[in-house]
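S.K.: Got a sequence here, can you build the structure:
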Amino acid sequence: MSAPVLLVIAHGSRDPRHAATVHALTARVRSLRPGLRVETGFLEFNAPSVPRVLERLAAEGADEVVALPLLLTRAFHAKSDIPSVLREARTRLPRLRISQADVLGPSPLLNAALEQRLYEAGVAPGDKGSTGLVLASAGSTDPEAIAVIAEIARELRHTGWCAVRPAFASAAIAGESARTADVVRALRADGVRRVAVAPYVIAPGRLPDRIAAGAEEAGADVLAGVLGPSPALARLLLTRYDEARVPVAGAMTA
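M.R.: Predicted coordinates:
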């Protein structure tokens, strides 16, 4: 019996860097699990769409699919958009068993990927005690998602950074106090001499560009890259896939 197909569901973007990064990440997942069929579908802007991928898989005789949201928190897309798309697909394709995996975050693997990007940008492990960290996410109107980002910031604070504060790229969420530039300035005002900004986002696009602009505007010392196709993130995708297949026994190793 063949393993279920892993369908990675990304939001999509008009920015071509977004899809390129998603495809690079899924390529790394394939390299970690040779023989596993990994497909990519997008909710909007990019092709192929999620319904088209599922239709193709059904036509090719696939029996089972694990749909994995490429999302860091359980917000609107994970709770509404994706379940709706999958429900419609189950109705149209009754012979194809479709399950939905959990979102990626929070996870120690995400924290590891985040810190790796910071190290690549010039932060040495020994610098953490004198460096303030801005955890810059896209933002969400969902209170659960906002609470998760705050909890991740608290966890990171316990790993040696002198201060860690969340920031949000979405103006509707950030208001006038939690934009990236504002949080960088607030850390400076508290006496933090060196400030690093870590985008807690997977792929480039409009909101990550806004994070970068805020870091530059406020004179942050370090700006890390997006999480992208990092090895830790690829391993996390396989962890969520395995958990969805074996929800009681737990995840298999990648």
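
S.K.: Show me where the chain dips below the pLDDT cut-off.
M.R.: Within the chain, the ranges that satisfy pLDDT under 70 run 1, 171-177, 247-254.

S.K.: All the helices of it, in order from the start?
M.R.: For the chain, the helices identified by DSSP state H occupy 16-32, 50-59, 76, 82-92, 108-120, 143-157, 171-174, 180-189, 206-218, 231-245, in order along the chain.

S.K.: and the fourth one, what does it pack onto?
M.R.: Spelled out, that is helix 82-92. The criterion is 3 or more Cβ pairs under 8 Å, 6 or more residues apart in numbering; DSSP states H and E, and the helices and strands that helix 82-92 contacts are helix 50-59, strand 64-69, strand 97-100. From N, CA and C alone the C-beta is placed, and that goes for glycine too.

S.K.: Please produce a markdown table containing the helices of the chain, extended by distance to residue 225 and mean neighbour count.
M.R.: As requested, the helices of the chain are arranged in a markdown table below (distance: least, Cβ to Cβ, whole Å; neighbours: other Cβ atoms under 10 Å):
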| stretch | distance to residue 225 | mean neighbour count |
| --- | --- | --- |
| helix 16-32 | 10 | 17 |
| helix 50-59 | 27 | 18 |
| helix 76 | 26 | 13 |
| helix 82-92 | 26 | 15 |
| helix 108-120 | 5 | 18 |
| helix 143-157 | 17 | 17 |
| helix 171-174 | 21 | 15 |
| helix 180-189 | 15 | 21 |
| helix 206-218 | 9 | 19 |
| helix 231-245 | 12 | 21 |
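
S.K.: among those helices, which is nearest residue 99?
M.R.: Closest approach to residue 99 among the helices of the chain is made by helix 231-245 (5.5 Å; Cβ to Cβ).

S.K.: angle of that closest one against strand 64-69?
M.R.: Relative orientation of helix 231-245 versus strand 64-69 (axes from the mean of the first three to the mean of the last three Cα atoms, to 10 degrees): 130 degrees.

S.K.: by how many degrees do helix 231-245 and helix 108-120 diverge?
M.R.: When the same axes, to 10 degrees is applied, the directions of helix 231-245 and helix 108-120 differ by 170 degrees.

S.K.: Tabulate the CA atom coordinates of helix 231-245 in PDB.
M.R.: Once non-C-alpha atoms are left out, helix 231-245 reads as follows in PDB (Å, rounded to 0.1, in the frame of the first residue of the first chain):
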ATOM      1  CA  PRO A 231      16.200  22.100   6.500                       C
ATOM      2  CA  ALA A 232      14.400  22.400   9.800                       C
ATOM      3  CA  LEU A 233      11.200  23.700   8.100                       C
ATOM      4  CA  ALA A 234      11.300  20.800   5.600                       C
ATOM      5  CA  ARG A 235      11.600  18.300   8.500                       C
ATOM      6  CA  LEU A 236       8.700  20.000  10.200                       C
ATOM      7  CA  LEU A 237       6.500  19.500   7.100                       C
ATOM      8  CA  LEU A 238       7.300  15.800   7.300                       C
ATOM      9  CA  THR A 239       6.600  15.700  11.000                       C
ATOM     10  CA  ARG A 240       3.100  17.200  10.400                       C
ATOM     11  CA  TYR A 241       2.500  14.800   7.600                       C
ATOM     12  CA  ASP A 242       3.400  11.800   9.800                       C
ATOM     13  CA  GLU A 243       1.200  13.200  12.700                       C
ATOM     14  CA  ALA A 244      -1.800  13.400  10.400                       C
ATOM     15  CA  ARG A 245      -1.300   9.800   9.300                       C
END
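
S.K.: and that helix with helix 16-32, angle?
M.R.: When the same axes, to 10 degrees is applied, the directions of helix 231-245 and helix 16-32 differ by 70 degrees.

S.K.: Could you list every helix and strand in contact with helix 231-245?
M.R.: Secondary-structure packing of helix 231-245 (3+ Cβ pairs under 8 Å, 6+ apart): strand 5-10, helix 16-32, strand 64-69, strand 97-100, helix 108-120.
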